[in-house]
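[1] Got a predicted model here, sequence first, then my questions.
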Amino acid sequence: MKRQSVLLIMVIGLTLAAPAHAQWGYRQPQQQWGGQPQQYGQQPQPYGQGQYGPQHAQPQYQQQYAPGGRQPIRKLFVGAGIGFGVTFAGGQAFFRAEESVGYHVFGVDEHPGLFVALTLVQGVANQVLLDFAARIGFDAVAWQDSMARVQVTPFLGAGVGLFIANQGFGDSVFPGAFLMPGLEVAVTAVNGFLTVWYRPISFDILIRDNGTAAYAMMAGVNLNLL
């Protein structure tokens, strides 16, 4: 009788202990931060891999400038430059200034393309040369990224030139046709707004009786407005 009572007490004790064992027993390991179940024996993945890697970063934290970005192309520009020239006849040096306003009328792919401009040229030494010309050229991109654009510009200007000479009895004005071929190298930056240009090669050619011609080198700035 006593043995049966002891067995009955042991069965009742085991029955009551079973829920506690289920409550306080083994659980599957959890990831520390994600809260997602992890299979037994699987190693935690370090940061930078899996669902917490950089590929899941929010867009505002990604790279601001995409590779291969471009400076905007603005069509209307105004500019000015200064430099010097040397005449072919006699090798006389003179100061040269130039102002222009122009517009890109036709772009090609990433190139700003074809432009036309009105240009006023002043050359000052013992004589004064004033040239009024229409200029046509093509801005071709040599290299660019999201910060700057390098371009090469061949151009040709044509118009009317006035050669003003002091012959000892007053100024004499000699009009003639004017040609201005040349080549520029420029850098455009500040969201396409500013262009700094350098003109290593250009020629001023005044076509008339006893005409004259000169080599000129200049540098200047364009503001690209629209």
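    Yep, it's here. Bear in mind that the values here come from a model prediction, so they are computed numbers and not experimental data.

[2] I'd like to know which helix or strand in this protein has the lowest mean pLDDT.
    helix 2-24 (a mean of 56; mean pLDDT, DSSP states H and E).

[3] and the helix or strand just after that helix, what does it pack onto?
    Following helix 2-24 in sequence order, the next helix or strand is strand 76-87 (DSSP states H and E). Here strand 76-87 touches strand 93-108, strand 111-124, strand 194-207, strand 212-224, going by 3 or more C-beta pairs under 8 Å, 6 or more residues apart in numbering; DSSP states H and E. In this view, the C-beta of every residue, glycine as well, is placed from N, C-alpha and C.

[4] Redo those as TSV? Include mean pLDDT and mean neighbour count.
    TSV is the format used below for these (pLDDT from 0 to 100; neighbours: other C-beta atoms under 10 Å):
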stretch	mean pLDDT	mean neighbour count
strand 93-108	96	16
strand 111-124	96	18
strand 194-207	96	18
strand 212-224	96	18
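
[5] what's the closest of those to residue 82?
    strand 93-108 (5.2 Å; C-beta to C-beta).

[6] Tell me the strands beside the closest one, with direction?
    Here strand 93-108 has these sheet partners by DSSP bridges: strand 76-87 (antiparallel), strand 111-124 (antiparallel).

[7] ok, the residue nearest to residue 121 when sequence neighbours are not counted - how many residues close by?
    Residue nearest to residue 121 in three dimensions, not counting chain neighbours: residue 131, with 3.9 Å by C-beta to C-beta, 6 or more residues apart in numbering. Around residue 131 there are 24 other residues, counting by other C-beta atoms under 10 Å.
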